[in-house]
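[1] I would like to see how this sequence folds:
(one chain, ligands or ions: 3)
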Amino acid sequence: MLSQSSFKARRQKVFAQMHDNSIAVLSAAPLQHRNSDTEQPFRQDSYFYYLTGFDETFAIAVLLKQAGKEKFILFCQERDPSAEQWTGSRAGIHGAMEHYGADEAYSISEASLRFNALFADIQTIYFLINNNPAFDKKLLSWVETQRQKARKGVDAPSKFIDLRLILDEMRLFKTKEEIAILSQTCELSAHAHVQAMKNCKVGMYEYEVEAILLYEFYRKGSRHVAYPCIVAAGNNACVLHYTRNNSLINDNELVLVDAGAELQGYAADITRTFPANGRFTKEQQAIYELVLASQMAAIEAITPQATWDQMQNTILQVLVQGLVDLGLLRGDVATLIEEKAYLPFYMHNSGHWLGLDVHDVGHYKVNAGWRKLEKGMVFTVEPGLYIAHDNQQVAEKWRGIGVRIEDDIFIDDEVVVLTKDVPKTVEEITKIMQTKA
Ligand code: GLY
Ligand code: MN
Ligand code: MN
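    Ligands and ions are numbered 1, 2, ... in the order given. The predicted structure is shown next:
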């Protein structure tokens, strides 16, 4: 578990960047209704968790920087034995101070009243604009209450800054502790992928493969997935965020599995594609090896100082050249890239930052230029090719093939592939699929 001192260190970094006489305010995630009186499993807001480690709903975190002094205040639910009988234990006011390092803690029911006092002599509010619109409305209503007191000589806060300007850059660069957790979630997710590969059989439903993944994630210590598992057989792989997972897996189909566990809030994000019966057809293998070549070339191209777009361009170059070589595209590679002729086969970016969110925060461009890849960054490399069953531009033998290969990369003094334990060459996959679990 991340220690309290880690969360405190993060708050101190935020304080150091805040103006004097300012306040930063963050809301915990609301409960999400599922149906009837049932809710979705609770997932804390990533920003809120990043600064507090506090895993309850109905809470507000406040960083107050005033007259050179810094104070961390938590509003949360009070202890309530009869409510806790139904929904589980709460930290309560004392717990917020004792276990979460709050300098002061109050009942969430006192928030409206107390914000009056908190806003006194505050000029600037930092908040996550539009992260939680209902909370923004409440916060702005508290500002409005202050504004109504103008004739009494009260000044309301008048400067509003998106807290993301501070937090996104912090979250982009991972600490040693974060890397340790990310490595662990990648490792256990890799293990689950291997088990899925070994146990997938023709005639299973896609959700049976999902069940293997979930079983292995949970068994190894992850309580939640980082995002809904994608298990897509045959043409379903051409639907990029396919999550129905309810089709039968047929002989001679490829199975695309995009799944990652979450550990202490941190995500893994892995994709592998393998033949349901353990043997690639000629066309499947050709497409697979092309995607793999592009991914390997991109990983090879990652050096500190390389820029984000270099990696993307490397992938594009390899994929388009390969599509021409296979006769799936015709013409000059540079022109085909220029004209985006590859879009029917390749229609997504091949990567994103990874952290507390699977598509983690952080700018990809700085000062209008693509960002350099730097030590401390974690991101995915995930090219794919998708030939839809109704693509009339290509011979029938190519149709219904969808392949994506995705690994998670950490830039340390060298490039580390955190998810390297899942086989990805044709030989390795063929071999492991002969091995009984
Ligand atoms: N699993 C979502 C993605 O690969 O971006
Ligand atoms: Mn991804
Ligand atoms: Mn993915």
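[2] Run through the helices of the stretch 301-437 of the chain in chain order.
    308-325, 333-338, 426-434 (DSSP state H, counting those that start in this stretch).
[3] what secondary structure does Asp168 sit in?
    With DSSP: H, G, I helix; E, B strand; the rest coil as the basis, Asp168 sits in helix.
[4] What sits closest to it if chain neighbours are left out?
    Residue nearest to Asp168 in three dimensions, not counting chain neighbours: Val361, with 4.3 Å by CB to CB, 6 or more residues apart in numbering. Where C-beta positions appear, they are placed from N, C-alpha and C, glycine not excepted.
[5] show me where the stretch 1-150 of the chain has helices.
    4-17, 46-52, 81-87, 92-100, 111-118, 133-147.
[6] Tell me which of those lies nearest to ligand 1.
    helix 46-52 (15.5 Å; CB to the nearest ligand atom).
[7] Which elements pack onto that closest one?
    Counting contacts by 3 or more CB pairs under 8 Å, 6 or more residues apart in numbering; DSSP states H and E, helix 46-52 packs against helix 4-17, strand 22-27, strand 60-66, helix 164-172.
[8] What are the contacting residues of it?
    The contact list for helix 46-52 (CB atoms under 8 Å, 6 or more residues apart in numbering) reads 7, 10-11, 14, 26-29, 54-55, 59, 61, 63, 74, 100, 128, 131, 163-164, 167, 170-171, 265, 356-357, 361.
[9] OK, contacts around the closest residue to Ala28 other than its chain neighbours?
    Closest residue in space to Ala28, ignoring its immediate chain neighbours: Ala59 at 3.9 Å, by CB to CB, 6+ apart. The contact partners of Ala59, by CB under 8 Å, 6+ apart, come to 27-28, 48, 52, 74-77, 108.
[10] can you give me the angle the longest helix belonging to the chain makes with helix 4-17?
    If you go by DSSP state H, the chain has its longest helix at helix 176-199. Interaxial angle of helix 176-199 relative to helix 4-17 (axes from the mean of the first three to the mean of the last three CA atoms, to 10 degrees): 120 degrees.
[11] what about dumping the CA coordinates of helix 176-199 to PDB?
    This file holds the C-alpha atoms of helix 176-199, laid out as PDB (Å, rounded to 0.1, in the frame of the first residue of the first chain):
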ATOM      1  CA  LYS A 176       9.500   4.600  -7.600                       C
ATOM      2  CA  GLU A 177       6.500   3.600  -5.400                       C
ATOM      3  CA  GLU A 178       4.100   4.000  -8.200                       C
ATOM      4  CA  ILE A 179       6.300   2.000 -10.600                       C
ATOM      5  CA  ALA A 180       6.400  -0.800  -8.000                       C
ATOM      6  CA  ILE A 181       2.600  -1.000  -8.000                       C
ATOM      7  CA  LEU A 182       2.400  -0.700 -11.800                       C
ATOM      8  CA  SER A 183       5.000  -3.400 -12.300                       C
ATOM      9  CA  GLN A 184       2.900  -5.700 -10.000                       C
ATOM     10  CA  THR A 185      -0.400  -5.000 -11.800                       C
ATOM     11  CA  CYS A 186       1.300  -5.600 -15.100                       C
ATOM     12  CA  GLU A 187       2.900  -8.800 -13.900                       C
ATOM     13  CA  LEU A 188      -0.300 -10.300 -12.600                       C
ATOM     14  CA  SER A 189      -2.300  -9.200 -15.700                       C
ATOM     15  CA  ALA A 190       0.400 -10.800 -17.800                       C
ATOM     16  CA  HIS A 191      -0.100 -14.000 -15.900                       C
ATOM     17  CA  ALA A 192      -3.800 -13.900 -16.500                       C
ATOM     18  CA  HIS A 193      -3.300 -13.400 -20.200                       C
ATOM     19  CA  VAL A 194      -1.100 -16.500 -20.300                       C
ATOM     20  CA  GLN A 195      -3.800 -18.500 -18.500                       C
ATOM     21  CA  ALA A 196      -6.400 -17.200 -20.900                       C
ATOM     22  CA  MET A 197      -4.300 -18.200 -23.900                       C
ATOM     23  CA  LYS A 198      -3.600 -21.700 -22.500                       C
ATOM     24  CA  ASN A 199      -7.200 -22.400 -21.600                       C
END
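[12] Check which helices and strands it is in contact with.
    helix 206-219, strand 254-259, strand 261-263, strand 266-267, strand 270-275, strand 407-411, helix 426-434.
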